[in-house]
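J.: Coordinates only, no sequence provided:
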């Protein structure tokens, strides 16, 4: 119990005062409202205004009549949809209520309207779907669908307006990060569709403050997940689309959004491998966000020109030669007050050879608070060094981090980079130093355990499922190394795990790994 309390206190210490205030405020307000019988009025009259939008990005097909299919899990219904269906976890329930399927190519208009009607008819029983995050995504999807299909439906409009009233009453200041940005993007859409100044003022306030905070100098979204970066870029492009094609508010937010979109395009272009893959670093997985290529095409249609900066503040670096591309992580885990999508993976790296994955990140298969989630966030699951079976940073729960590692030294040269982190210093009195040396046909990785004591330390290399043991011996010089070859579960998508090879190499103070390409 004492350990758990200490862990909680350390976690809370990193939060912003604003987060703590709103967590307490929302909890207290909920209790008071329950006692006085407060409810939202789902029957209001809304006034809407016609807006124009260019075609956006189609979503994947996730609805086919009587089946919803998200995160590699299917839900079949006969007549009545259970909008609180929770067999597959909260993220799946969220997806059910996002209504992304309105943006799939083959959706029938009558079916689409019936889905919205069904949700509205059952809205007083909806739980997770009335939280501010799914309201935010659903609001954008409904407005995009309404606009594309020139609908003027009183039932839908009235319900949507009331959902926006719930959103603005519950903005996610207690979470901040991408959640708060999603609230603002959606409020901007709601502001234009209803010409509501209250929505607009709040959206403008959040966007001006948070885009400055959340988009780093090199263009990265500050939670340092390539997948979430793609999602945030997609939302910004949609907002640019909205403002460019409608004259309300004199396009005053357009320069800010264009500036951020341009630099974000530059970052994701640098981070994307030649074959179109992104490195699955931190909470990143396939099949969720639009691809980098699709985002670039959408940006081009909006006349957004890429602004490419050198990788710097995000802590990522990319080295590319004729035969290979390598992305390495030599930065801190992300913003201290919102590390929910961060992993304990300092000095992790991903390597593609001749356009194909060789060494990969374990990936992401779940957001549930279970052993698999803890493993995927742990140092154990990444291509770095683990000492005494401990993680560099204390990840816990589904989205929590207590004590965390920091970069204490960093030196960069033309083809060499050396860094030290302190993730093991407090508990073990050890520092981990890693040096990467990049040459045309080889990569050398040198690990040093900086400590007066000796510890059990392991460096791991996780290989793509297509890589067999013979290929590993071809690329990795294992001569004189104390190693073992094991299996792990590679997670390229939610709820998908594929057996693959992982190399574990023992370290006695110093280790040199040579990869010949």
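T.: Structure's in. What do you need? Bear in mind that the values here come from a model prediction, so they are computed numbers and not experimental data. Numbers count the residues shown, from 1 in each chain.
J.: give the contact list for the residue most central in space within the chain.
T.: Centroid-nearest residue in the chain, with C-alpha atoms, centre = their mean: residue 228, separated by 3.1 Å. Residues in contact with residue 228 (C-beta atoms under 8 Å, 6 or more residues apart in numbering) are 178, 221, 283, 284, 289, 341. Where C-beta positions appear, they are placed from N, C-alpha and C, glycine not excepted.
J.: Please produce CSV containing the residues you listed, extended by secondary structure.
T.: Listed next are the contacts of residue 228 as CSV, based on DSSP: H, G, I helix; E, B strand; the rest coil:
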residue, secondary structure
178, helix
221, strand
283, coil
284, coil
289, coil
341, coil
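J.: where's residue 203, which helix or strand?
T.: Using DSSP states H and E, residue 203 falls within helix 197-214.
J.: Relative to residue 155, how far out is the closest residue to residue 398 other than its chain neighbours?
T.: Setting aside the residues directly before and after it, residue 398 is nearest to residue 369 in space (C-beta to C-beta, 6 or more residues apart in numbering), at 4.0 Å. Separation of residue 369 from residue 155 (C-beta to C-beta, to the nearest Å): 38 Å.
J.: likewise residue 70?
T.: 26 Å.
J.: how about the residue nearest to residue 398, secondary structure?
T.: coil.
J.: Dihedrals phi and psi, it?
T.: Reported as degrees, to the nearest 10, the phi and psi values for residue 369 are phi -80, psi 80.
J.: Share the number of residues neighbouring it, please.
T.: Using other C-beta atoms under 10 Å, the number of residues around residue 369 comes to 14.
J.: Hmm, it is touching residue 397, no?
T.: Yes: applying C-beta atoms under 8 Å, one finds residue 369 in contact with residue 397, separated by 5.4 Å.
J.: which residues touch residue 489?
T.: When contacts are taken as C-beta under 8 Å, 6+ apart, residue 489 is in contact with 362, 365, 497, 498, 499, 500.
J.: Save those as a markdown table, and put in neighbour count too.
T.: Compiled in a markdown table, those are given as follows (neighbours: other C-beta atoms under 10 Å):
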| residue | neighbour count |
| --- | --- |
| 362 | 27 |
| 365 | 22 |
| 497 | 17 |
| 498 | 14 |
| 499 | 9 |
| 500 | 18 |
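J.: Run the chain-centre distance for the helix holding residue 203.
T.: 21 Å (C-alpha atoms, centre = their mean, to the nearest Å).
J.: Following the chain onward from it, which element is next?
T.: Counting by DSSP H and E, what follows helix 197-214 is helix 226-244.
J.: Residue 184 is in contact with residue 199, isn't it?
T.: No: applying C-beta under 8 Å, one finds residue 184 not in contact with residue 199, separated by 9.9 Å.
J.: Tell me which stretches of the stretch 51-200 of the chain form helices.
T.: Taking DSSP state H, counting those that start in this stretch, the helices of the stretch 51-200 of the chain run over residues 90-98, 109-121, 132-148, 154-169, 177-194, 197-214.
J.: and if you look at the stretch 301-450 of the chain?
T.: Using DSSP H, counting those that start in this stretch, helices in the stretch 301-450 of the chain cover 371-377, 425-428.
J.: The first one - what's its average pLDDT?
T.: Looking back up the chat, that one is helix 371-377. Computed over helix 371-377, the mean pLDDT rounds to 98.
J.: now swap in the shortest one and tell me
T.: Confidence over helix 425-428, taken as the mean pLDDT, stands at 94.
J.: Residue 334 is nearest to which of the helices of the stretch 301-450 of the chain?
T.: helix 371-377 (12.3 Å; C-beta to C-beta).
J.: quick one, domains of this structure?
T.: Following automatic domain parsing, one gets these domains for the chain: 1-39, 40-214, 222-314, 316-516.
J.: and the nearest residue in space to residue 307 that is not next to it in sequence, what element?
T.: Nearest non-adjacent residue to residue 307, counting by C-beta to C-beta, 6+ apart: residue 262, 3.9 Å away. Assigned by DSSP H and E, residue 262 belongs to helix 254-271.
J.: Only the buried residues of that helix, if you could.
T.: 256-258, 260-268, 270-271 (16 or more other C-beta atoms under 10 Å).
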